[in-house]
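Student: sharing a model that was predicted from the sequence below.
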Amino acid sequence: MFNNEKMKELVSYIISKCDYKNSFGKTVLYKLLYFSDFNFYEIYEKSITDETYIRRDKGPIPKHFEIIKEELVNEGKIKEEKEFVINYPKYKYLSLKIPEIKLLSEEELEVTNTVLEKLSKMNATTISDYSHGDMPWRATKNKEKIDYEFVFYRDDEYSVREYEKET
């Protein structure tokens, strides 16, 4: 079942770690959330937040993001800035308070930090293209819910779990 408070903590945490990066915006945030949840699921067979991710043209998006974002803005924890770049809206997120980590476990933070290390330097186009190679996104029809179980069919480039070799 979707964990609203844990999702807020994860969103706030990722924003606090990435808000200074020029390429960090809504698209990058969406993919960092997706890979944190799905990589954790591949390793531990459960999601961090139980968020539902939807397959879209530019990659997976978290279903409850707008609700979570509004709550964090109203609580004074983050700020959303919108600017137009060549008639296209660009959303930037800033952390206003150091996130209190009460719900995220050490393992969840470790997986998230690994995702941030590997992917947070990417811009929106690069991380979207990267997400298109991941089996859960590839195996899902557009606008449908992405099944976490597809992580067990990932290519080596995306897989984060140590599987025993067959002899």
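Tutor: Thanks, I have the structure now. Just so we're clear, the structure is a prediction, and the values are computed from it rather than from any experiment.
Student: mind listing what the most centrally placed residue in the chain touches?
Tutor: Among the residues of the chain, residue 33 comes closest to the average C-alpha position under Cα atoms, centre = their mean, at 1.1 Å. Residue 33 sits next to 10-11, 14, 49, 51, 62, 65 when contact means Cβ atoms under 8 Å, 6 or more residues apart in numbering. Quick note: C-beta positions are derived from backbone N, CA and C, even for glycine.
Student: what about 6 Å?
Tutor: Remark: with contacts taken as Cβ atoms under 6 Å, 6 or more residues apart in numbering, residue 33 is in contact with residue 62.
Student: residue 119 too?
Tutor: Contact criterion Cβ under 6 Å, 6+ apart gives residue 127 as the residues in contact with residue 119.
Student: buried residues of the longest helix that the chain contains, list them for me.
Tutor: Using DSSP state H to define each element, the chain has its longest helix at helix 26-44. Residues of helix 26-44 classed as buried by neighbour count (16 or more other Cβ atoms under 10 Å): 26-42.
Student: beyond that helix, next helix or strand please.
Tutor: Following helix 26-44 in sequence order, the next helix or strand is strand 53-56 (DSSP states H and E).
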